[in-house]
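1. Sequence plus predicted model, see below.
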Amino acid sequence: MKCAYCGEELRGMFKKDLHGFGAHPEHAFQCFSCQRFVASTDHRLPDGRYQCADCMQKEVKTDKHVEWVETRVKQMLAAHGIDKWPNSVPIRLIQPRYTPGRPATQAHKMGETKVAKSIFSKSYEVNMLNHMHRIVFGGVLAHELLHVWQYERNIYLRSELTEGFCNLGSWIVYKHMATPVSQAMMTILERDPTPVYGDGFRIVKAVYDNLANGSLPDVMSQLKKM
Ligand SMILES: [Zn+2]
Ligand SMILES: [Zn+2]
Ligand SMILES: [Zn+2]
């Protein structure tokens with residue numbers, strides 16, 4: 001195997017990413033979007049994020065791109081019983097906000113949902129990091145839309161169930177897309193070592209597998225009893 005970054009043969013200790021690429025430990029720079037190891041010739045965004053050639057080619061950068069992915073993600077969620085959205089849920093592309101002294105790739109979230117409540121209604125705003133690969137964007141958007149779906153129904157579970165449910169939405173979208181990138185993104189979700197997002201996903205995924213009818217509202221009914 002050759003180092004993804006410098007192209008030299010890998011001997012002894014090296015790192016592997018979840019796409020199947022290897023790199024010298026000192027060359028293991030990950031694409032911010034799909035997390036694969038980048039090549040030295042790959043693009044670097046002005047804000048310091050590494051972006052692999054595939055993600056650069058397929059990045060979401062216009063409102064038309066956002067709409068294209070949004071339509072497909074909503075169709076996939078509808079096939080799993082998730083529909084009836086509030087009238088307007090604006091989706092905006094944003095620059096990462098940095099925590100000084102931390103590397104660019106760790107200082108931001110890929111997506112976030114803001115909710116404003118009044119006595120009569122709620123309003124939402126979904127912020128998505130710019131320059132994501134359209135498949136990664138689809139997965140992250142599914143996660144954020146499932147937060148909106150829970151807020152709309154006043155569902156407030158403990159955080160690992162909330163985030164695990166949202167991550168199951170991402171997983172389903174990746175599964176529908178069935179490409180090597182989406183396959184790798186599924187593996188990243190499955191192996192996430194963090195307690196809230198990783199363990200949460202595995203708890204919720206087990207409920208989904210056990211039900212075996214593909215219905216996300218049914219999964220939610222089970223989670224409410226946990
Ligand atoms: Zn190298
Ligand atoms: Zn990438
Ligand atoms: Zn979340």
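-> In hand now; what should we look at? Since the structure is predicted, the reported quantities are computational estimates derived from the model, not experimental observations. Residues are numbered from 1 along each chain as shown. Ligands and ions are numbered 1, 2, ... in the order given.

2. in which helix or strand would I find the residue nearest the centre of the chain?
-> In the chain, the C-alpha nearest the mean C-alpha coordinate belongs to Val140, at 3.3 Å (C-alpha atoms, centre = their mean). Here Val140 sits within helix 134-152, counting by DSSP states H and E.

3. For ligand 1, see how far away the residue nearest to the centre of the chain is.
-> According to C-beta to the ion, to the nearest Å, Val140 and ligand 1 sit 30 Å apart. Yep, even glycine has a C-beta here, placed from its N, CA and C like the rest.

4. what do you get for Ile135?
-> Remark: distance between Ile135 and ligand 1 (C-beta to the ion) = 27 Å.

5. got a list of what that residue touches?
-> Ile135 makes contact with Cys34, Lys58, Tyr174, Met177, Thr179, Val181, Ser182, Met185, according to C-beta atoms under 8 Å, 6 or more residues apart in numbering.

6. Filter the residues you listed down to the buried ones.
-> Taking 16 or more other C-beta atoms under 10 Å as the criterion, what is buried in the contacts of Ile135 is Cys34, Lys58, Tyr174, Met177, Val181, Ser182, Met185.

7. So which bits of this protein are right by ligand 3?
-> Glu163, Cys166 (C-beta under 5 Å from the ion).

8. change it to 8 Å
-> Contact residues (C-beta under 8 Å from the ion) of the chain with ligand 3: Gly111, Glu112, Thr113, His143, Glu144, His147, Thr162, Glu163, Cys166, Asn167, Tyr197.

9. Looking at those residues, which are in strands?
-> Among the residues of the chain next to ligand 3, DSSP state E puts Gly111, Glu112, Thr113 in strands.

10. Which of these ranks first by neighbour count?
-> Neighbours here mean other C-beta atoms under 10 Å. Within those, the largest count is held by Gly111, at 23 neighbours.

11. Roughly how far does that residue sit from Gln75?
-> To Gln75, Gly111 is 19 Å away according to C-beta to C-beta, to the nearest Å.

12. just Tyr5 next, same as before
-> 38 Å.

13. that older thread, ok, now which ones touch the residue nearest to the centre of the chain?
-> Met110, Gly111, Met128, Leu129, Met132, Ser170.

14. Secondary structure class of the third one, three-state.
-> Same thing as Met128. strand (DSSP: H, G, I helix; E, B strand; the rest coil).

15. didn't it look like it was pressed against Gly111?
-> Yes. Met128 lies in contact with Gly111 (C-beta atoms under 8 Å); the separation is 4.9 Å.

16. Give me the number of neighbouring residues for Thr62.
-> 10.

17. again, but for the one 3 residues further on
-> Using other C-beta under 10 Å, His65 is surrounded by 16 other residues.

18. Tell me how far it lies from His131.
-> In terms of C-beta to C-beta, His65 sits 11 Å off from His131.
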